[in-house]
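Participant: From the sequence below, what's the structure:
(one chain, ligands or ions: 3)
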Amino acid sequence: MTMHCFVTGTDTGVGKTLVSSAMLSSFAASGLRAVGMKPVAAGLDLIDGTWRNDDVERLQAAGNVEAPLALRCPCLLRAPMAPHLAAQDEGVRIGLQPLLSAYAQLARQADAVIVEGVGGFRVPLADDFDSADLAVALGLPVVLVVGLRLGCLNHALLTAEAIRARGLVLAGWVGSAIDPRMLAFDDNLQTLRARLDAPLLGVVPHLASPEAALAARHLDLRALRSTAALAA
Ligand SMILES: Nc1ncnc2c1ncn2[C@@H]1O[C@H](COP(=O)(O)OP(=O)(O)OP(=O)(O)O)[C@@H](O)[C@H]1O
Ligand SMILES: C[C@H](N)[C@H](N)CCCCCC(=O)O
Ligand SMILES: [Mg+2]
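Facilitator: Ligands and ions are numbered 1, 2, ... in the order given. Below is the predicted model of the structure:
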């Protein structure tokens, strides 16, 4: 059975990479061939003479399939900003076909390709397509990461609506406690549980060391199996 999915979030900086890495770590530990893909990454840092993107590196570290960078991240952009603007600065245009082709190649080598979107669900990628169009073109079940902070109820509900409006399956959602001081934490979670109408795959508490394997302890991915079977 394949467990490929598209991970989106309520915003940028809400825990998509942490949760995607935790999913990869969990799938790899259960014996699946798991690989992370970041189709479009914006933000390169010069580390030891090499330009690196933190998301791409974290996803790679959490998976167990060796694949070339060109497949794991076909579109690496320098500036940490909206990807279509970063692309414009570099005089390039983000195209859908290279992203789909890279995904197809990864999917041939893995049981679980975890595709991390960029920012929130409707981030523009070019004049004529956005991140939601990419999810549709990939045809993957979607996992929504809700960064638990004030404002996340509205963002989560709008995102779930947008996912379903495109005919995609919201396979599950994960809460990530990005704000350790959030008021009424449990009541907010309960509100999301009651209204998202999708399986809760876990709540990652605010971790002092936000690492994949530690976050994975808070996930239960069994509910994804039924959706994966539908999508296969
Ligand atoms: N549960 C948590 N506990 C502690 N820190 C967290 C938690 N979830 C996320 N973080 C931290 O919040 C920051 C943003 O998380 P992450 O990089 O996973 O977000 P993202 O949604 O992938 O962002 P981007 O849109 O840039 O890809 C990171 O520093 C991460 O370690
Ligand atoms: C650079 C950052 N970490 C993300 N990768 C890009 C987020 C783009 C957000 C665009 C927007 O919704 O305004
Ligand atoms: Mg990320």
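Participant: Close to ligand 1: what parts of this protein are there?
Facilitator: 9, 12-18, 55, 119, 176-178, 204, 206-207, 210 (C-beta under 6 Å from any ligand atom). From N, CA and C alone the C-beta is placed, and that goes for glycine too.
Participant: Mark which of the residues you listed are part of strands, please.
Facilitator: Cross-referencing the residues of the chain next to ligand 1 against strands under DSSP state E gives Gly9, Ser176, Val204.
Participant: quick one: which of the residues you listed is nearest ligand 2?
Facilitator: Gly9 (9.9 Å; C-beta to the nearest ligand atom).
Participant: need the contact list for the closest one.
Facilitator: Gly9 sits next to Gly15, Lys16, Gly117, Gly119, Gly120, Phe121, Leu144, Val145, Val146, Gly147, Thr159 when contact means C-beta atoms under 8 Å, 6 or more residues apart in numbering.
Participant: same check, this time on Val7
Facilitator: Lys16, Val19, Ser20, Met23, Ile114, Val115, Glu116, Gly117, Val142, Val143, Val145.
Participant: Quick one: classify it as helix, strand or coil.
Facilitator: Secondary structure assignment for Val7 (DSSP: H, G, I helix; E, B strand; the rest coil): strand.
Participant: neighbours around the residue of the chain found nearest ligand 3, how many?
Facilitator: Distance from ligand 3 to each residue of the chain (C-beta to the ion) is smallest for Thr17, at 3.3 Å. Using other C-beta atoms under 10 Å, Thr17 has 24 neighbouring residues.
Participant: do you know how far the nearest residue to it once chain neighbours are set aside is from Gly151?
Facilitator: What sits nearest to Thr17 in space, not counting adjacent residues and going by C-beta to C-beta, 6 or more residues apart in numbering, is Asp55, at 4.7 Å. Look at Asp55 and Gly151: by C-beta to C-beta, to the nearest Å, they are 23 Å apart.
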